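**Student:** pasting the sequence and the predicted coordinates here, then a few questions.
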Amino acid sequence: MLSFREANANDMEAVVALFRASIAAISNEFYSEAEKTEWSKTSVNKKRWIEAIEKQYFLLAFRKDKLIGFISLENKTYIDFIYVHPKFLKQGIAQALYLKIEQKAMALKSKKLSSHVS
């Protein structure tokens, strides 16, 4: 069973670890090792992570107290992050996170959501 809660600054290390694990698990068919290394380096910007957690609607997904995914909504309409731990892929976690963000956006009277994804 999934549970959700909003993130706080104390969650940053766990969020960053999941971010790195997600990137590392991506097939080299899609991104080279060099590309994944560069992407993963963005995780060292602690200020960026704290700012995102504190200023965005930043939602965490848990299974049995283990962080397994996260998503964030910036400025009511932009999905900035959505990541799921590699061990929990293809289990509906991303969809559940998206639906929670969609509900939040609707409550905020947003008319559309957008994101830049790859």
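**Tutor:** In hand now; what should we look at? Numbering: from 1, shown residues only.
**Student:** what packs against the lengthiest strand in the chain?
**Tutor:** Longest strand in the chain, counting residues (DSSP state E): strand 66-74. Contacting strand 66-74 under the criterion 3 or more C-beta pairs under 8 Å, 6 or more residues apart in numbering; DSSP states H and E are the following elements: helix 12-24, helix 46-55, strand 57-63, strand 78-84, helix 93-107. In short, each C-beta sits where N, CA and C put it, glycine included.
**Student:** alpha carbons of it, as PDB, please.
**Tutor:** Only the C-alpha atoms of strand 66-74 are listed here, as PDB (Å, rounded to 0.1, in the frame of the first residue of the first chain):
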ATOM      1  CA  LYS A  66      10.600   3.400   2.300                       C
ATOM      2  CA  LEU A  67      10.700   6.300  -0.100                       C
ATOM      3  CA  ILE A  68      10.000   4.900  -3.500                       C
ATOM      4  CA  GLY A  69       9.100   8.000  -5.500                       C
ATOM      5  CA  PHE A  70       8.600  11.800  -5.700                       C
ATOM      6  CA  ILE A  71       7.000  14.400  -7.800                       C
ATOM      7  CA  SER A  72       6.900  18.200  -7.600                       C
ATOM      8  CA  LEU A  73       4.600  20.900  -8.800                       C
ATOM      9  CA  GLU A  74       6.100  24.400  -9.400                       C
END
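**Student:** now it and strand 78-84, what's the angle there?
**Tutor:** For strand 66-74 against strand 78-84, the angle by axes from the mean of the first three to the mean of the last three C-alpha atoms, to 10 degrees is 170 degrees.
**Student:** got TSV for the helices and strands packed on strand 66-74, with mean neighbour count too?
**Tutor:** TSV is the format used below for those (neighbours: other C-beta atoms under 10 Å):
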stretch	mean neighbour count
helix 12-24	17
helix 46-55	14
strand 57-63	19
strand 78-84	19
helix 93-107	16
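**Student:** residues contacting the helix or strand of the chain with the lowest mean pLDDT, please?
**Tutor:** Of the helices and strands making up the chain, the lowest-confidence element is helix 33-41, at a mean of 92, by mean pLDDT, DSSP states H and E. With C-beta atoms under 8 Å, 6 or more residues apart in numbering as the test, helix 33-41 has contacts from Phe19, Arg20, Ile23, Ala24, Ile26, Tyr31.
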